[in-house]
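> Below: sequence and its predicted model.
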Amino acid sequence: MTVREGDRILIRGPSGSGKSTLLQILAGLAPDYVPGTLAGTVERLYGSMGVVLQNPEAQVITPTVEEEVAFSLENDGLEAQVIRGRTAEVLERLGIGRLASRHPLTLSGGECQRVSLAAALARQPDILFLDEPTAYLDDASAAAFFRALEDLPGRTAVVVVEHKIEAAAAVCDQSWEVTPEGDLIPSDFRTSPPPAGSRAGSGSPEPEAGLSALEVRGLSHGFEGFPPVFQGVDLSVRTGRIAALTGPSGCGKTTVLARIARILPAGPGSVRLAGRDALAMKPRDFHSSLLYIPQNPEHMFISETVRGELSLSGPGALESADRYGLRGRLDSNPYKLSEGEKRRLNLCVALAERRPLYLLDEPTYGLDDVARAALVRDLEALAVSGAGVLLVSHDEGFVRAVADTVFRMKDGKVLREEVPRAGALKSA
Amino acid sequence: MRARSSPRNPLAALFVTVCLLAPVLLSTGYATPLAFLVLGLLNLRVLGDVKFRDYLKTLALLSLASVGLFALNVLAPAEGTNGPARGAAVFLRSVSLISLSVGFIFAVDPYELVRALMVRLGLPPRVGFALFAGWNTIPLLRRDLGIIEKAQALRYGTRRRRIRDRTHTATALLAGAVRHGERVALSMAARGAEKAGPRTFLKDSPWTRRDTLYCAAGFLAAALTSALILALGLFDFDLG
């Protein structure tokens, strides 16, 4: 593989295939800062580089946005005046100048990732490495992120690992694919067929809406010293239905789930599970009424092997392990799986648990198209079995394919949309 | 708990705090801890924007350890000592040390302290910014702990959760912290933090004449107070 000046390259492939590792090798981070043995040769002819990683909050080092952007320039030993000029210029160019004095960890995911991009661009790099930079962002923020790359100087090369191919296509002009066997082959991302897995085409019976699985009324939440995140949120999920909660990054979607799951303390509003007041339920009853799958898949791990994780949830979990490509990883430590594999493991567990209500926070993050298609089918199967599902996602393609009802959060309010179920799952 | 920005250089505040702590560390009497407790409170006024209510709440909480030390001396005194008297001295010393330390934490922004250590005392930036990142991690860990506990409790459902199973919460939290550290280290390396060349600091940690005066005043106040206590014969020192 050769990257030339001005190339805009997309690297794609199934989750766990080594895309991020390849990027780290190209950026000179592996094997120096990432464990492993490197065979073959890499010749790096570029002078300066910029890197944006997946998780915005894991890239934050300094207490202000301005310092965060200036960090690499300070390390390069540039003069303070030059640093100030470049920092201000790039912040304005990305439309985040107003955030200069804020702590990056108080920003939304989208804003925080823009800060990471600003930090990379401030270096005026010869080459820019982007590792799933929009993984935590909603579609609008992802599009805005890639739009910001359109103004890059023509000589700047870009190498991007991305599952959201439509968004990346706005910037990239060539594509390489890392195969499950670890080979790197040229591919044409513009002609990729959408994977199977639409609800319309799955052949499963249409789930029937039944009793109330979840009823949320007048839910409000705010953090001390800040305006309310949301106010008077009403939403409901019936058994046999899949509802999605969407909205821009930072609008409070995850906070709504945290209130329902009693992760956050009680506040204004009521939550009823199958008609019962959730706050009045005994812990034992509450814990058997729902299953919550957090954004970070590691938070659910309670065993030392994948097999152990699955065994706890019964034989059904082992069956779905086949479908999610985890059969060969049964004796691995869950923490050693790739991000996508960890998420698939959580899904296997969830599908086998058989609870009346499922709360899923960003279930498609880190999943490739095949696993996303499998998830559509499995969530549908859950609904058919009589469970209610409320998922938070900024993956619009997935939401269109799987949800019967979409609750859109904007400016602290929620709008309900009944949506047709026949939308095919497109390659996102 | 968030420290406020002090008008004094953090290293000056650190110097004066050490000057106030030293005599208390050496004393086993009543007068020294009491006098330096008062000096510490005056120092907080000089350092400025400190939330006294939060400070007192934290002090009260941590002073429970001092109460424990007092009770220990009263209930199980060392041979040949007056338990209550010894307990009172230990209590005062402990409260005074806690008060001075907590005061420093409340008065000085941790980021500014680390920055001052890098700019003024040559702390390697790699270490300094790792400390920045570590401080950033604290609220994230607090958030993650709540999520992990609930996600795992819900996963167990009605199944009995043994004591041993609760260690998985700590494992998940620790794994998250380690992973976060790895990612931050990668991000730092990608942005040239490992470079050996000279580094520019956009935000300086200025040392002014006022800082020098503040240090001199703090040192003199500590020295004169110690001298006065010695002259009055109120200083007790006991290695035992």
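Looks like it came in fine.
> tally of neighbours for B:Val108?
Close neighbours of B:Val108, defined as other CB atoms under 10 Å in any protein chain shown, add up to 25. To be clear about C-beta, it is placed using only N, CA and C from the backbone, and glycine gets the same treatment.
> surely it meets B:Pro10?
Yes - B:Val108 is in contact with B:Pro10 according to CB atoms under 8 Å; the separation is 4.7 Å.
> pull the longest helix from chain B.
Identified as the longest helix of chain B according to DSSP state H is helix B:125-156.
> Could you count how many residues lie near B:Pro122?
One thing to correct before we go on: residue B:122 is Gly, not Pro. That count, for B:Gly122 with other CB under 10 Å as the rule, works out to 9.
> pLDDT at it, what is it?
Note on B:Gly122: pLDDT of 93.
> Give the pairing partners of the one helix or strand A:Leu415 maps to; include direction for each.
For A:Leu415, the element it lies in under DSSP states H and E is strand A:413-418. Here strand A:413-418 has these sheet partners by DSSP bridges: strand A:405-410 (antiparallel).
> Quick one: mean pLDDT for the strand it pairs with?
On average, strand A:405-410 scores 91.
> For that strand, what is the distance to the chain centroid?
On the basis of CA atoms, centre = their mean, to the nearest Å, strand A:405-410 sits 18 Å off its chain's mean C-alpha point.
> So for it, what gets flagged as buried?
A:Thr405, A:Val406, A:Phe407, A:Arg408, A:Met409 (16 or more other CB atoms under 10 Å in any protein chain shown).
> between those, which is closest to chain B?
A:Met409 (19.7 Å; CB to the nearest CB).
> Chain neighbours aside, what residue packs nearest to the closest one?
Nearest residue to A:Met409, sequence neighbours excluded (CB to CB, 6 or more residues apart in numbering or on different chains): A:Gly247, at 3.3 Å.
> What's the separation between that neighbour and chain B?
From A:Gly247 across to chain B, the span is 20 Å (CB to the nearest CB, to the nearest Å).
> Surely that residue is in contact with A:Lys253?
Yes - between A:Gly247 and A:Lys253 there is a contact at 5.6 Å, judged by CB under 8 Å.
> Helices of chain A, start to end?
Going by DSSP H, chain A shows helices at A:19-26, A:65-75, A:80-93, A:109-121, A:139-147, A:165-169, A:253-260, A:283-287, A:306-312, A:315-323, A:339-353, A:369-384, A:396-402.
> closest one to B:Ala116 among those helices?
When the helices of chain A are compared by CB to CB, helix A:65-75 sits nearest B:Ala116, at 14.8 Å.
> Briefly note if the closest one comes near chain B.
Yes - applying CB under 8 Å from any CB of the partner chain, one finds helix A:65-75 in contact with chain B at A:Glu66, A:Glu67, A:Ala70, A:Phe71, A:Ser72, A:Leu73, A:Glu74, A:Asn75.
> Dump those to JSON lines, plus neighbour count.
Below are those laid out as JSON lines (neighbours: other CB atoms under 10 Å in any protein chain shown):
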{"residue": "A:Glu66", "neighbour count": "23"}
{"residue": "A:Glu67", "neighbour count": "23"}
{"residue": "A:Ala70", "neighbour count": "27"}
{"residue": "A:Phe71", "neighbour count": "27"}
{"residue": "A:Ser72", "neighbour count": "25"}
{"residue": "A:Leu73", "neighbour count": "25"}
{"residue": "A:Glu74", "neighbour count": "23"}
{"residue": "A:Asn75", "neighbour count": "22"}
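> between those residues, which is closest to B:Asp165?
So of the residues of helix A:65-75 next to chain B, ranked by how close each gets to B:Asp165 (CB to CB), first place is A:Phe71, at 41.3 Å.
> rewinding a little: and A:Gly247 and A:Lys253? Which one has more around it.
A:Lys253 (27 against 23).
> ok, the more buried one to chain B distance?
14 Å.
> residue contacts, the residue lying closest to that residue once chain neighbours are set aside?
Leaving aside its chain neighbours, A:Lys253 sits nearest to A:Val392 (4.3 Å; criterion: CB to CB, 6+ apart). Residues near A:Val392 by CB atoms under 8 Å, 6 or more residues apart in numbering or on different chains: A:Ala244, A:Leu245, A:Thr246, A:Lys253, A:Thr254, A:Val256, A:Leu257, A:Leu360, A:Asp361, A:Glu362.
> For the first one, give its distance to A:Gly397.
Spelled out, that is A:Ala244. 12 Å (CB to CB, to the nearest Å).
> Looking at those two, which has the bigger crowd around it?
A:Ala244 (26 against 21).
> buried set for stretch A:261-279?
A:Ala261, A:Arg262, A:Ile263, A:Leu264, A:Gly269, A:Val271, A:Arg272, A:Leu273, A:Ala274, A:Ala278.
> cool, stretch A:288-306 as well?
A:288-303, A:306.
> Also stretch A:325-334?
Within stretch A:325-334, judged by 16+ other CB under 10 Å, the buried ones are A:Gly325, A:Leu326, A:Arg329, A:Ser332, A:Pro334.
> can you tell me which of those residues lies nearest to chain B?
Using CB to the nearest CB, the buried residues of stretch A:325-334 come closest to chain B at A:Pro334, 9.3 Å.
> Report the contact partners of the closest residue to the closest one other than its chain neighbours.
Using CB to CB, 6+ apart and skipping the chain neighbours, the partner closest in space to A:Pro334 is A:Phe301 (4.6 Å). Applying CB under 8 Å, 6+ apart, one finds that A:Phe301 lies in contact with A:Glu309, A:Pro334, A:Tyr335, A:Lys342, B:His168, B:Thr171, B:Ala172, B:Ala175.
> Which of those residues fall within strands?
Judged by DSSP state E, strands contain none of the contacts of A:Phe301.
> Please convert the buried members of these into PyMOL selection syntax.
Provided next is the PyMOL selection string for whichever of those are buried by 16+ other CB under 10 Å:
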select buried, (chain A and resi 309+334+335+342) or (chain B and resi 168+171+172+175)
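> ok, so of the contacts of A:Phe301, who is nearest A:Ala401?
A:Lys342 (22.5 Å).
> my guess is the closest one contacts A:Met300, does it?
No - judged on CB under 8 Å, A:Lys342 makes no contact with A:Met300 at a distance of 9.0 Å.
> shared neighbours, the two?
What both A:Lys342 and A:Met300 touch, as defined by CB under 8 Å, 6+ apart, is an empty set.
> Tell me the spacing between the residue nearest to A:Pro334 and A:Leu345.
A:Phe301 is 8 Å from A:Leu345, by CB to CB.
> So for the two, which residues contact both of them?
A:Glu309, A:Pro334.
> secondary structure element for B:Arg162?
Per DSSP H and E, there is no helix or strand for B:Arg162.
> Give the burial count for the residue in the stretch 101-250 of chain A that chain B sits nearest to, as a bare number.
Going by CB to the nearest CB, chain B is nearest to A:Leu105 of the stretch 101-250 of chain A, at 6.1 Å. A count of nearby residues for A:Leu105, using other CB under 10 Å, gives 14.
> Make sure it is actually in contact with A:Pro56.
No - using CB under 8 Å as the test, A:Leu105 is too far from A:Pro56 to be in contact (9.2 Å).
> hey, what's in contact with both of the two?
A:Cys112.
> and whichever helix or strand B:Val24 is part of, what does it pack onto?
Using DSSP H and E, B:Val24 sits in helix B:10-26. Judged by 3 or more CB pairs under 8 Å, 6 or more residues apart in numbering or on different chains; DSSP states H and E, helix B:10-26 is in contact with helix B:31-47, helix B:83-107, helix B:110-121, helix B:209-231.
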